[in-house]
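**Student:** Sharing a model that was predicted from the sequence below.
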Amino acid sequence: MIFWQLFLAFFIPGILGYGGGPASIPLIENEVVGHYHWMTVTEFSNVLAFGNTLPGPIATKMAGYIGYEVAGVLGSLVAEFATVAPSLVLLIVLLRILERFKDSPKVNWLTLLIRPIIVVMLGMMAYNFFAASAQASGWLPMILIAAVSFILMERFRVHPAFVIAGALLIGAAFMG
């Protein structure tokens, strides 16, 4: 019974929490604190604070921790699955619909219309990163990091993870 309750406690916020983790946190709190009484408000806020210190989606981190506290490793797995299940099911359904209509002229037309919008959005995001970087650390470090990164990845085929780590070190040197 506890596993079914864990599933519902995280599946329902996953369905109703439109907008991702921040939108589902109050719903998770309602289930965990208000409905099932597995935690107090203080304990829940501590889990939330701890979860925010770790990288990744907050809802899955909280589900894993709370599930483990309530029912051990299996409880953690059930809570994690319940958290990602709504997105997983929706993704599968939407992919099947897209697969069914991929040759439709209307779908192709919509895809052609969406591409420029995505390009503009990515361009705006890159511009905002560029402007924020130039303002925070100056033009010289920004240009240096961009040039060295480009050369390392394109000319020497260095893995992007190593380039990012190096860029962090260079940024730390200029900021320190």
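**Tutor:** Right, received. Where do you want to start?
**Student:** neighbours of the residue nearest to residue 142 when sequence neighbours are not counted, just the number please.
**Tutor:** Leaving out its chain neighbours, the residue that sits closest to residue 142 by C-beta to C-beta, 6 or more residues apart in numbering is residue 133, at 4.7 Å. Yep, even glycine has a C-beta here, placed from its N, CA and C like the rest. Taking other C-beta atoms under 10 Å as the neighbour definition, residue 133 ends up with a count of 17.
**Student:** What's the separation between residue 133 and residue 164?
**Tutor:** For residue 133, the distance to residue 164 under the criterion C-beta to C-beta, to the nearest Å works out to 14 Å.
**Student:** for the spatially most central residue of the chain, what are its contacts?
**Tutor:** By C-alpha atoms, centre = their mean, the mean C-alpha position of the chain lies nearest to residue 57, the distance being 4.7 Å. The contact partners of residue 57, taken as C-beta atoms under 8 Å, 6 or more residues apart in numbering, are 20-21.
**Student:** who's sitting farthest from the centroid in the chain?
**Tutor:** Of all residues in the chain, the one whose C-alpha sits farthest from the chain's mean C-alpha position, using C-alpha atoms, centre = their mean, is residue 105 at 32.8 Å.
**Student:** pLDDT at residue 113, what is it?
**Tutor:** Looking at residue 113, its pLDDT stands at 88.
**Student:** That one is in what secondary structure piece?
**Tutor:** Assigned by DSSP states H and E, residue 113 belongs to helix 105-137.
**Student:** in that helix, what counts as buried?
**Tutor:** Of the residues in helix 105-137, those buried by neighbour count under the rule 16 or more other C-beta atoms under 10 Å are 133, 137.
**Student:** now stretch 136-155
**Tutor:** Buried positions in stretch 136-155, judged by neighbour count with 16+ other C-beta under 10 Å: 137, 141-142, 144-145, 149, 152.
**Student:** among the residues you listed, which are in helices?
**Tutor:** Among the buried residues of stretch 136-155, the residues falling in helices (DSSP state H) are 137, 141-142, 144-145, 149, 152.
**Student:** the longest helix in the protein is where?
**Tutor:** Looking across the chain with DSSP H, the single longest helix is helix 58-100.
**Student:** Point out where the protein drops to low pLDDT.
**Tutor:** Applying pLDDT under 70 to the chain flags the ranges 19, 171, 174-176.
**Student:** one more time with 80
**Tutor:** Applying pLDDT under 80 to the chain flags the ranges 17-22, 129, 133, 136-138, 141-142, 168, 170-176.
**Student:** mind giving me the domain ranges of it?
**Tutor:** If the domains of the chain are taken from automatic domain parsing, they occupy 2-100, 105-175, with pieces of a single domain joined by a plus sign.
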